[in-house]
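Trainee: Predicted model and sequence below, questions to follow.
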Amino acid sequence: MKYAVMKIISLESILVDLPTIRAHKLARQTVMQQTLVVLRLRTDAGLEGLGEATTIGGLSYGEESPEIIKSALDTYISPIVIGMDPRNVNAVMAEIERHVVGNRLAKSGLETALHDVSGKALGVPVHQLLGGRQTAAMECIWGLASGDTAKDIEEAERVLSQKLHRGFKIKVGSKAVENDIEHVSKIAKAIAGRGTLRIDANQAWDELTATRAIAALEAVGVSLIEQPLPKANHEGMVRLASRFDVAIMADEAVATPQDAFMFGKHHGADVVALKIAKAGGLLPTKSVAAISQAGGLALYGGTMLEGTIGTIASLHAFASLPQNFPFGTELFGPLLLKDDIVQQRPNYSNFAIAVPDRPGLGVDIDEEKLAHYRRDKTRSLKPVAALKQGSA
Ligand SMILES: [Mg+2]
């Protein structure tokens, strides 16, 4: 083995504020910029692992904001991992689990960095650590969320002609349901025969509203209805999934293997949106996927609008799974960002995103860009000797 011993000497978490190409309108929030939490895990072997823990719209999607994630990592998680071998991903995460309840976004960022450094140490891509990829590229849809019907149609036409995306997800739930139905119907008519449409209500509807909306949306050809009800309304989801032919997807409601078990057992959805951030890492995502499939649910490659690091980490996990992804993935986060903090952005072509085959994640930091966009405006690179002293 090339590295007989390897120890983590530091774990740095960095808030990075990146501008988006346009406003991204969701049920509870309009995203004008995206805040990534970038993790840099350094080892005494000189190898660095990268991770990302990113959420959507501050505290509007989940219970961890970027600032909460950074605080959890710096104050509670970093002291636990210093001195451990990052290649023992299971042992490191079990130790974290003993001390840290919840906080799955922070855990996902750490677990990603552990996989990155492990892959680099072995000279293999992360997907090989997960048993190898089952596909070289995965279908990637696009989110239409400008809030303006004409703009959304224009945007759909542009990405269709560029052969970037042919599946479209429309965010609904911030307006009256009649307005949402009209908006979606117009887009459906414009792209009929050339693209597919899905909607995401992000828990915004009650059951009565959802029933009316889904009937109308199904009639105009929408193929997937994402998280129509609040995540706690499990029985409502069961009723909607049995009532309608159109596929119903659980996103917020299924984060953990236990959630997947409950949804599979009662058929609370037809499809489950996998997200490494929700599950707490790549390995827990594989568990969620296995249990979902055992319960007869199809898989979907979800996003928290991560930048390149989190997007590529998700892709390694999704590509290693059985390719039961009838609605593909939505790993378009990097394309929503005006700029990025990595040297190689993901390769999008022919309606898909390509799985990198370089060691680790296959992503390198652009130090100048990171220095420019990091919130604290300090340089992140410290001499390794100083870090070693500090961690002793
Ligand atoms: Mg969603």
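Mentor: Happy to help now that I have it. Numbering: from 1, shown residues only.
Trainee: switch to C-alpha atoms for all contacts and neighbour counts from now on
Mentor: OK.
Trainee: Report the rounded mean pLDDT for stretch 353-361.
Mentor: Averaged over stretch 353-361, pLDDT sits at 98.
Trainee: Quick check: buried residues in that stretch?
Mentor: 353, 354, 355, 356, 357, 359, 360, 361 (16 or more other CA atoms under 10 Å).
Trainee: Need the residues that contact the longest helix along the chain.
Mentor: Scanning the chain for the helix with the most residues, using DSSP state H, yields helix 104-122. Residues outside helix 104-122 that contact it (CA atoms under 8 Å, 6 or more residues apart in numbering): 2-3, 38-41, 47-55, 64, 69-70, 72-73, 86-87, 89, 93, 125-126, 129, 276-282, 310, 313, 359-361.
Trainee: At the geometric centre of this protein, which residue do we find?
Mentor: Central residue of the chain (CA atoms, centre = their mean): residue 303, 2.9 Å from the mean position.
Trainee: Give me the buried subset of the contacts of helix 104-122.
Mentor: When the contacts of helix 104-122 are checked for burial by 16+ other CA under 10 Å, the buried set is 38-41, 48-55, 64, 69-70, 72-73, 86-87, 89, 93, 125-126, 129, 276-282, 310, 313, 359-361.
Trainee: Take the buried residues of stretch 353-361 and write them to TSV, including distance to residue 217 and secondary structure.
Mentor: As requested, the buried residues of stretch 353-361 are arranged in TSV below (distance: CA to CA, whole Å; DSSP: H, G, I helix; E, B strand; the rest coil):
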residue	distance to residue 217	secondary structure
353	28	strand
354	32	strand
355	33	coil
356	37	coil
357	40	coil
359	44	coil
360	42	strand
361	39	coil
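Trainee: any idea how far residue 357 lies from residue 319?
Mentor: In this structure, residue 357 and residue 319 are 12 Å apart, going by CA to CA, to the nearest Å.
Trainee: again but with residue 117, I slipped
Mentor: Between residue 117 and residue 319 the distance, using CA to CA, works out to 19 Å.
Trainee: out of all of them, which strand in this protein is the longest?
Mentor: strand 8-25 (DSSP state E).
Trainee: how far is it from where the chain is centred?
Mentor: Shown here is strand 8-25, whose average C-alpha point lies 13 Å from the average C-alpha point of the whole chain (CA atoms, centre = their mean, to the nearest Å).
Trainee: Next: stretch 315-334.
Mentor: Stretch 315-334 has its C-alpha centroid displaced from the chain centroid by 10 Å (CA atoms, centre = their mean).
Trainee: Between the two ends of that stretch, how far is it?
Mentor: Distance between the two ends of stretch 315-334: 13 Å, counting by CA to CA.
Trainee: still on that earlier bit, OK, contacts around the residue nearest to the centre of the chain?
Mentor: Contact criterion CA under 8 Å, 6+ apart gives 275, 311, 330, 331, 332, 333 as the residues in contact with residue 303.
Trainee: Now do stretch 311-325: distance from first to last residue.
Mentor: The stretch stretch 311-325 measures 17 Å between its terminal residues, going by CA to CA.
Trainee: again with stretch 59-74
Mentor: With CA to CA applied, stretch 59-74 spans 19 Å between its terminal residues.
Trainee: which residues sit against that stretch?
Mentor: 11-15, 28-29, 35-37, 53-56, 58, 103, 105-106.
Trainee: and these, which are buried?
Mentor: For the contacts of stretch 59-74, burial is judged from neighbour counts taken by 16+ other CA under 10 Å, and it is met by 11-15, 28, 35-37, 53-56, 58, 103, 105-106.
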